[in-house]
Structure formats: C-alpha cells, structure tokens
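1. Quick one, structure for this:
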Amino acid sequence: MNNLQRILILGTGPASIQLAVTLKNHLNCCIGIAGRQTVRSASVFAALEQSNGHVQVSIQNEKHQPLAGECFIDHVFKGYDTTQGEWDTLILAVTTDAYIDVLEHMNEQFIKQLKCIILVSPTFGSNRLVSHYMRERNAAPEVISFSTYLGDTRWMHEYPSNHVLTTGVKKKVYIGSTQYQSKQVSRLCQVYERLEVALEVMRSPLEAETRNISLYVHPPLFLNDFSLEAIFGASNIQKYVYKMYPEGPITQELIREMRAQWQEIMHITDRLHIQGVNLLQFMTDDNYPVRLESISRQDIDNFNHLQVIHQEYLLYIRYTSLLIDPFSEPDSEGKYFDFSAVPFRKTFMNREGELDIPRMPKEDYYRIKIIQGIARHLDVSCPTINLFIARYEAKLQEVADAHPHQHLSEAFVIQSFEEDIRMICTGLLS
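-> You can find the predicted model right below:
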C-alpha cells in the first residue's frame, strides 16, 4: 500500500520547505504543512498566505540542482491542534526534543488514523519514543527514522519566509523502519537516488539513529568550558567551533573526551546488539573527507582496532586537516577556503523577549541526556557523558543566578526528560 499520497509536514523551518518541494515534485502527492503559532512562524504563514501556498527552494551549488524547485502547498494549518482531514503520513521536521509535545497538541483521533510517521532528524531512541507514544493510544503506524536531514537549508533572505536556500547536501544518509521490507522506505530510496544522495537501509531504526555525526562530535565540541564561555560569556571576541585553541575549543583534552564518549556509545550499541560505527571512517567517508596524504586509508579502516593514543592522534590530525577545505582551490596567495571558521552563536534575546540559548547546544543537551538515560537503563558506565551534562547544567545554573531579574527561556531549566527516557527504555532489551 502506498502511504505517501497525503503527507503532512510538522514544522515551519527551512527543512520543511525543502521536504515539501522534494516530495511534491517527486511523488506527485498532496502536501500539508502545520506549525506552532509563534512570532517566528507568523512570517512563514503570512508568506504562504500571500503567495497562495507557493514555496521555493534555491541552491548554492549547481551540482545540487535536483534539490531546487518550487511547488504549491495544498493545506496549511496554523497550530497543531487545528490539523484535520485524512492523512496517510506525518513527517516530524521539528527539533527532536519537541516530538511528544507536538503530538500531544494534536487531536488524538487525528493521529490515530496515521499509517506512517517519518522522523527527519531524530536522536538515538526517538523511534522507540514515538512508537511507544502511539502504542499507548492504541495506534501502530509504521515509524521511519532517517539518520539525519539530507543537507543544510536556511532562509533565503535571513528571515523566515516561503523561500529557502540549500547550501550543502550530504553524500549519504541512513534509514530504518519498524516494518521489515517497507514499501515506504523503498519509495524514499528512489526519491533520494534522484536527489543523488545515497540512502542506506539499516536493519532497525535504532541502528539508523546511531548514524548521526552530531551524536559523536557535538557534545565534546559544545559542552566544554571554552565553548560554554564562548556561548554564555560576556566577551565579544569571536570564537570558532572547529578551530584549534585559542581560536576554538579543540585541544588534546577535547579529542580525548571525543574518543571516550564515542567508546561509551559503542558500549551501549554493543549491549543492544547494534553494529557500532568506526568513528574515523564515519567522519571521513560519510561526512567531510580529508586527503589521504593527511590520514591513510589503512588508518581509517583499522581505526577501531588501534590503541587509544593512536586513535586520539588520528582524530586530532583529522581536525587539523580540516582547518581549511583541503579540496578547495587556493587563491593567488596560496590560501584555501577557511573551512573551520564556523562561529559560535551566543545566547540571544528571542522574539518573546527572553534570554535564549542557540539550537546548539540546546538540542545537544536533550540528545546526551537521552543517551545517559539509556546507558543507565542498560547499566553501561558513561563517565564522559556524565561530565558533559554536569558542565552544561552547572553553566545553566550559573547564568540563571547571574541574571535574577532577566526573563529566561525554558532552555535554562535543568531537566531530567524522565518520561521520554521511560518510553524509550520500556522493553528495550526484550
């Protein structure tokens, strides 16, 4: 049965616009978009209204031409509680920590009709979370997890509208479903093939969810003292995510913690009988390659079997090799593109007049707390993960104490995510 005929996308971010254009043009399906009514989404809804539902995707690089295009959205819902009609598939294109909150805002009879739910950029355990939530409502749709969103999409003109720009596209994405030999997964594989993105089908959604590079690199890069000070501190001196100390956070100690956290996640996947990742191979083959003059193919392939100090050395070399884009063309002075100059975003005043935290590390806090909860459930030791969380929560408390009269967003609340962890872990090893 084809459950990709009537698709409702939840979320009004740039990724939702890209997905709408891609699915509408490649599947010739009915597309709806639903979003929360906020100051930010108001301009998206206004643009959709003024253009009669027209949306457009532009590309930065001509080789990504298959992702460009435009279409008309068939239905727009302002507020998740206003969704209605018959829909086959729901696509969750919201932040991972909002999955249950969004579903709870929807009419229960509405979500019980769904045959399929697709998670665009889940974290480790998200599929189990959504599946459990639906089971508690006596519904059993197929739940599909991608490892991550297919690229990097942003607003065309810096502000939310109906026009987005896709600046980067991944070479490879992973997918897993609660249904064996899923027809929906087969159709999505065909779509991704036309987009020239490799889509590898994994044995389980949980296995697909382990193939998100953010799980392995964001906590060490963002949840260290240097980065937290760059994000929360008062200094206006710009610091950069992927640069070496003192321009950025990358030190011998950060690399040590990155390798240690990867090892802790490997222990979790081992307990769950899931194939773990070769971190260096995943970084270079599936994400950003380096020249073989910098790291040999043999070292990449044998990374899991090397001594700890050798692994740390190779990870350090990997980051120094990507200070510049090693495959860019040098200018007349021999300078290559400054690949590592990704600035830290600082805390900011949101449109509701609250001090807020950027998506990174806000999302990473949720991701790593969920992994900590799974590790505890499986009785797997995770001292590095515990350290990251302790650092971040101490910084939240410190900032809250220093701003007693400032309106702070909910992101400053120290959370357990206990209910999400309960749903993920119920029957995890059965």
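2. Can you list the low-confidence ranges for the chain?
-> 1, 430 (pLDDT under 70).
3. how is it carved up into domains?
-> Split into domains by automatic domain parsing, the chain comes to 6-209, 213-425.
4. how about those domains in CSV, adding mean neighbour count?
-> To be clear about C-beta, it is placed using only N, CA and C from the backbone, and glycine gets the same treatment. Listed next are those as CSV, based on neighbours: other C-beta atoms under 10 Å:
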stretch, mean neighbour count
domain 6-209, 19
domain 213-425, 17
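5. Just give the nearest non-adjacent residue to residue 148, would you?
-> Excluding its sequence neighbours, the residue lying closest to residue 148 (C-beta to C-beta, 6 or more residues apart in numbering) is residue 212, at 4.7 Å.
6. who's in contact with that neighbour?
-> 121-124, 147-148 (C-beta atoms under 8 Å, 6 or more residues apart in numbering).
7. what sits against the residue nearest to the spatial centre of the chain?
-> Nearest residue to the geometric centre of the chain (C-alpha atoms, centre = their mean): residue 121, 4.5 Å. Neighbouring residues of residue 121 by C-beta under 8 Å, 6+ apart: 15, 93, 96, 146, 148-149, 212.
8. Let me know the closest of those residues to residue 138.
-> residue 96 (24.8 Å; C-beta to C-beta).
9. Contact partners for the closest residue in space to the closest one that isn't next to it in sequence?
-> Leaving aside its sequence neighbours, residue 96 sits nearest to residue 123 (C-beta to C-beta, 6+ apart; 4.6 Å). Going by C-beta under 8 Å, 6+ apart, residue 123 touches 96, 209, 212, 215, 366-367, 370-371.
10. Check whether the residue nearest to the centre of the chain sits in a helix, strand or coil.
-> coil (DSSP: H, G, I helix; E, B strand; the rest coil).
11. From residue 255, how far off is residue 301?
-> 20 Å (C-beta to C-beta, to the nearest Å).
12. right, I mislabeled it, should have said residue 296
-> Taking C-beta to C-beta, one finds residue 296 at 19 Å from residue 255.
13. again with residue 171
-> Distance from residue 171 to residue 255, by C-beta to C-beta: 24 Å.
14. can you check residue 34 too?
-> Distance from residue 34 to residue 255, by C-beta to C-beta: 42 Å.
15. list the contacts for the closest residue to residue 58 other than its chain neighbours?
-> Leaving aside its chain neighbours, residue 58 sits nearest to residue 165 (5.0 Å; criterion: C-beta to C-beta, 6+ apart). Shown in contact with residue 165 (C-beta under 8 Å, 6+ apart): 14, 57-60, 153-156.
16. Wasn't residue 165 part of a strand?
-> Yes - secondary structure assignment (three-state DSSP) places residue 165 inside a strand.
17. Across the sheet, point out what pairs with it.
-> Applying DSSP bridges to residue 165 gives these bridge partners: residue 58, residue 154.
18. let's have the chain start at 46 instead
-> Done: numbering now begins at 46, and the last item shifts to residue 210.
19. mind checking how far it is from residue 112?
-> In terms of C-beta to C-beta, residue 210 sits 10 Å off from residue 112.
20. What of residue 105?
-> Taking C-beta to C-beta, one finds residue 105 at 10 Å from residue 112.
21. sorry, back to before: next, work out how far apart the residue nearest to residue 193 and residue 169 are.
-> For residue 257, the distance to residue 169 (C-beta to C-beta) stands at 8 Å.
22. How about residue 234?
-> Going from residue 234 to residue 169 by C-beta to C-beta gives 23 Å.
23. Just put the contacts of residue 166 in CSV and tack on distance to residue 425 and secondary structure.
-> Shown next, in CSV, are the contacts of residue 166 (distance: C-beta to C-beta, whole Å; DSSP: H, G, I helix; E, B strand; the rest coil):
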residue, distance to residue 425, secondary structure
60, 32, helix
138, 31, coil
141, 21, helix
191, 25, strand
193, 24, coil
194, 28, coil
257, 19, coil
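24. so can I have CSV of the residues you listed showing distance to residue 369?
-> Formatted as CSV, the contacts of residue 166 follow (distance: C-beta to C-beta, whole Å):
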residue, distance to residue 369
60, 28
138, 33
141, 32
191, 30
193, 25
194, 26
257, 25
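25. any idea which element residue 434 lies in?
-> Assigned by DSSP states H and E, residue 434 falls within helix 428-447.
26. helices or strands up against that helix?
-> helix 258-267, helix 270-277, helix 297-316, helix 404-422 (3 or more C-beta pairs under 8 Å, 6 or more residues apart in numbering; DSSP states H and E).
27. Can you spell out which helices and strands pack onto the last one?
-> In terms of contacts (3+ C-beta pairs under 8 Å, 6+ apart), helix 404-422 is packed against helix 258-267, helix 270-277, helix 297-316, helix 428-447, helix 463-470.
28. quick one: the first one to chain centroid distance?
-> Between the centre of helix 258-267 and the centre of its host chain there is 11 Å, according to C-alpha atoms, centre = their mean, to the nearest Å.
29. what's the angle from that helix to helix 270-277?
-> 90 degrees (axes from the mean of the first three to the mean of the last three C-alpha atoms, to 10 degrees).
30. what's in contact with helix 258-267?
-> 168-169, 193, 272-273, 276, 286-287, 294-295, 299-300, 302-303, 306-307, 310, 322, 324, 327-328, 331-332, 405-406, 409, 412-413, 416, 430, 433.
31. Next: the third one.
-> Helix 297-316 is touched from outside by 169, 255, 260-262, 264-266, 269, 320-322, 324, 353, 356-357, 360-361, 364, 416, 419-420, 423, 425-430, 432-433, 474, with contacts defined as C-beta under 8 Å, 6+ apart.
32. residue ranges of the strands in the stretch 46-195 of the chain, please?
-> Remark: strands assigned in the stretch 46-195 of the chain by DSSP state E, counting those that start in this stretch are 51-55, 75-80, 99-104, 114-117, 120-123, 134-137, 161-164, 187-191.
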